[in-house]
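K.L.:
Pasted the sequence and its predicted model underneath.
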Amino acid sequence: MWFSCVRWESRLDPGGRVYYVDHNTRTTTWQRPCVNLINAAEEFQQWRSNRVMNQMPARFLFPQQTTATDDPLGPLPLGWG
(Lines give C-alpha, C1' and ligand atoms only; values in the text may rest on other atoms or scores of the structure.)
Protein backbone atom coordinates (compact mmCIF):
# COMPACT_ATOMS: atom_id res chain seq x y z
CA MET A 1 0.00 0.00 0.00
CA TRP A 2 1.47 3.36 -1.01
CA PHE A 3 1.27 6.24 1.41
CA SER A 4 -0.08 9.58 0.23
CA CYS A 5 3.45 10.89 -0.31
CA VAL A 6 4.96 9.36 -3.42
CA ARG A 7 8.29 8.54 -1.83
CA TRP A 8 6.87 6.70 1.21
CA GLU A 9 5.39 3.22 1.33
CA SER A 10 3.60 1.72 4.33
CA ARG A 11 4.33 -1.93 5.15
CA LEU A 12 3.50 -4.45 7.86
CA ASP A 13 6.18 -6.14 9.94
CA PRO A 14 5.80 -9.85 10.89
CA GLY A 15 3.93 -8.79 14.05
CA GLY A 16 1.36 -6.81 12.06
CA ARG A 17 2.71 -3.36 13.00
CA VAL A 18 2.74 -0.64 10.35
CA TYR A 19 6.06 0.99 9.44
CA TYR A 20 6.99 3.36 6.63
CA VAL A 21 9.72 3.05 4.01
CA ASP A 22 11.36 6.00 2.25
CA HIS A 23 12.69 4.59 -1.01
CA ASN A 24 14.74 7.70 -1.81
CA THR A 25 16.86 7.55 1.34
CA ARG A 26 16.37 3.82 2.02
CA THR A 27 15.26 4.52 5.58
CA THR A 28 12.34 3.34 7.67
CA THR A 29 10.34 4.85 10.51
CA TRP A 30 7.53 3.81 12.81
CA GLN A 31 6.07 7.33 12.71
CA ARG A 32 3.69 8.17 9.91
CA PRO A 33 5.42 10.76 7.73
CA CYS A 34 3.69 14.09 7.33
CA VAL A 35 4.33 17.02 5.03
CA ASN A 36 6.14 18.97 7.77
CA LEU A 37 8.46 16.05 8.51
CA ILE A 38 9.26 15.58 4.84
CA ASN A 39 9.92 19.31 4.33
CA ALA A 40 12.15 19.44 7.41
CA ALA A 41 14.14 16.44 6.19
CA GLU A 42 14.62 17.99 2.75
CA GLU A 43 15.70 21.31 4.28
CA PHE A 44 18.20 19.48 6.49
CA GLN A 45 19.64 17.61 3.50
CA GLN A 46 20.01 20.89 1.59
CA TRP A 47 21.66 22.59 4.60
CA ARG A 48 24.05 19.67 5.04
CA SER A 49 25.04 19.73 1.35
CA ASN A 50 25.69 23.48 1.46
CA ARG A 51 27.66 23.16 4.70
CA VAL A 52 29.96 20.54 3.19
CA MET A 53 30.56 22.65 0.08
CA ASN A 54 31.27 25.76 2.17
CA GLN A 55 33.89 23.87 4.20
CA MET A 56 35.83 22.65 1.16
CA PRO A 57 38.31 25.56 1.05
CA ALA A 58 39.21 24.94 4.71
CA ARG A 59 39.95 21.25 4.06
CA PHE A 60 42.42 21.72 1.24
CA LEU A 61 45.28 24.10 0.57
CA PHE A 62 44.37 25.83 -2.64
CA PRO A 63 47.02 28.07 -4.18
CA GLN A 64 46.32 31.68 -3.43
CA GLN A 65 46.08 34.00 -6.40
CA THR A 66 48.34 36.99 -6.04
CA THR A 67 48.75 40.06 -8.15
CA ALA A 68 52.05 41.68 -9.03
CA THR A 69 51.49 44.31 -6.35
CA ASP A 70 50.79 41.66 -3.65
CA ASP A 71 53.87 39.53 -4.35
CA PRO A 72 56.78 40.42 -2.03
CA LEU A 73 59.24 39.18 -4.67
CA GLY A 74 57.83 41.47 -7.34
CA PRO A 75 56.50 40.59 -10.78
CA LEU A 76 57.57 37.52 -12.74
CA PRO A 77 60.21 37.97 -15.46
CA LEU A 78 58.94 38.78 -18.91
CA GLY A 79 57.37 35.73 -20.57
CA TRP A 80 56.82 33.80 -17.29
CA GLY A 81 53.26 34.90 -16.64
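P.N.:
Arrived safely, thanks for sending. Numbering: from 1, shown residues only.
K.L.:
Mind jotting down where the helices sit in the chain?
P.N.:
Using DSSP state H, the helices of the chain run over residues 35-59.
K.L.:
so where's it uncertain?
P.N.:
Within the chain, the segments meeting pLDDT under 70 span 1-6, 52, 54-69, 81.
K.L.:
Spatially central residue for the protein, please.
P.N.:
The centroid of the chain falls nearest to residue 49 when counting by C-alpha atoms, centre = their mean (2.5 Å).
K.L.:
how close does it sit to residue 43?
P.N.:
When distance is defined by C-beta to C-beta, to the nearest Å, residue 49 is 11 Å away from residue 43. C-betas here are computed from N, CA, C, even on glycine.
K.L.:
One more: residue 13?
P.N.:
29 Å.
K.L.:
same check, this time on residue 70
P.N.:
40 Å.
K.L.:
which of the residues in stretch 20-32 are buried?
P.N.:
For stretch 20-32, burial by neighbour count (16 or more other C-beta atoms under 10 Å) applies to 20-22.
K.L.:
how far out from the middle of the chain is that stretch?
P.N.:
18 Å (C-alpha atoms, centre = their mean, to the nearest Å).
K.L.:
before we move on, what about stretch 32-51?
P.N.:
10 Å.
K.L.:
Show me the contact partners of it.
P.N.:
Applying C-beta atoms under 8 Å, 6 or more residues apart in numbering, the external contacts of stretch 32-51 come out as 3, 5, 7-8, 10, 18, 20, 22, 25, 31.
K.L.:
Between the residues you listed, which sits nearest residue 76?
P.N.:
residue 25 (51.2 Å; C-beta to C-beta).
K.L.:
so who does that closest one touch?
P.N.:
Residue 25 touches residue 41, counting by C-beta under 8 Å, 6+ apart.
K.L.:
Appreciated, that's everything.
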